[in-house]
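Q: Got a predicted model here, sequence first, then my questions.
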Amino acid sequence: MRDIDEIVAAVGLTEKVDDRLNALSGGQRRRVDLAAALLTSPQILLLDEPTTGLDPVGKSQIHELLGAAVDDGVTVFLTTHDLNEAEKVATRIIVLKEGRIIAEAAPWQLREQLVGKAQITWQCDGRTHVHATDAVESFVATLPLEEISNLTITRPTLEDAYLSLMNTEGSAA
């Protein structure tokens with residue numbers, strides 16, 4: 001079992017430790033939920049939208065706590081609709097639709113498999129050039145940077161992959 005004072009401090013509730021639960025904000029209640037879950041040093045942690053209602057600092061603190069729990073050997077299952085959060089904290093993503101698994105992979109694999117590679121766009125000699133690659137840095141290193149303008153690199157997001165998957169699944173079902 002972990003020390004309660006350590007957990008309360010880690011979730012940023014030291015100042016609120018004597019407050020009644022119904023006096024806490026929604027975000028603070030989320031922190032209490034996580035603190036209670038971590039108290040028994042679980043091997044598996046199931047969390048449903050643990051950062052809903054938290055400000056960016058609170059989200060960051062929760063992500064750090066989850067990372068520390070994983071480092072300590074805890075398996076964390078996280079349900080979320082916040083795909084930016086999933087991309088930050090997940091090593092593996094499972095996408096469910098109507099109660100069945102329709103995809104399972106690392107975030108980068110979902111992005112690459114479902115959306116494609118990064119797209120590099122630049123202008124040179126009065127023309128616009130476009131190139132798709134998964135080796136962005138090495139490709140850009142081959143470009144004559146002093147001769148080009150408006151270089152942009154667009155990488156697919158997890159949201160792009162999710163939407164592609166939902167559209168594909170929806171039309172195939």
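A: Yes, it's here.
Q: mind exporting the lowest-mean-pLDDT helix or strand in the chain as PDB, just the C-alpha atoms?
A: Ranked by mean pLDDT, DSSP states H and E, the weakest helix or strand in the chain is helix 158-172, scoring a mean of 74. Included here for helix 158-172 are C-alpha records, laid out as PDB according to Å, rounded to 0.1, in the frame of the first residue of the first chain:
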ATOM      1  CA  LEU A 158      -4.700  10.000 -34.300                       C
ATOM      2  CA  GLU A 159      -7.900  11.800 -34.900                       C
ATOM      3  CA  ASP A 160      -7.300  11.500 -38.600                       C
ATOM      4  CA  ALA A 161      -6.800   7.800 -38.200                       C
ATOM      5  CA  TYR A 162      -9.900   7.400 -36.000                       C
ATOM      6  CA  LEU A 163     -12.100   9.200 -38.500                       C
ATOM      7  CA  SER A 164     -10.700   7.200 -41.300                       C
ATOM      8  CA  LEU A 165     -11.300   4.000 -39.400                       C
ATOM      9  CA  MET A 166     -14.900   5.000 -38.500                       C
ATOM     10  CA  ASN A 167     -15.700   5.900 -42.100                       C
ATOM     11  CA  THR A 168     -14.200   2.700 -43.400                       C
ATOM     12  CA  GLU A 169     -15.900   0.600 -40.800                       C
ATOM     13  CA  GLY A 170     -19.200   2.400 -41.300                       C
ATOM     14  CA  SER A 171     -19.300   1.800 -45.100                       C
ATOM     15  CA  ALA A 172     -18.200  -1.800 -44.800                       C
END
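Q: got the buried residues for that helix?
A: Neighbour counts using 16 or more other Cβ atoms under 10 Å place 158, 160-162, 164-165 of helix 158-172 among the buried residues. Heads up, the C-betas are built off the backbone N, CA and C, glycines and all.
Q: Tell me the spatial nearest neighbour of residue 47, not counting adjacent residues.
A: Distance criterion Cβ to Cβ, 6 or more residues apart in numbering; nearest residue to residue 47, sequence neighbours excluded, is residue 78 at 5.0 Å.
Q: Could you chop this protein up by domain?
A: 4-90, 110-172 (automatic domain parsing).
Q: Could you point out which of those sits nearest residue 100?
A: For the domains of the chain, proximity to residue 100 was assessed by Cβ to Cβ; domain 110-172 is nearest, at 9.7 Å.
Q: that's a strand at the residue nearest to residue 47, yeah?
A: Yes. Assigned with DSSP: H, G, I helix; E, B strand; the rest coil, residue 78 falls within a strand.
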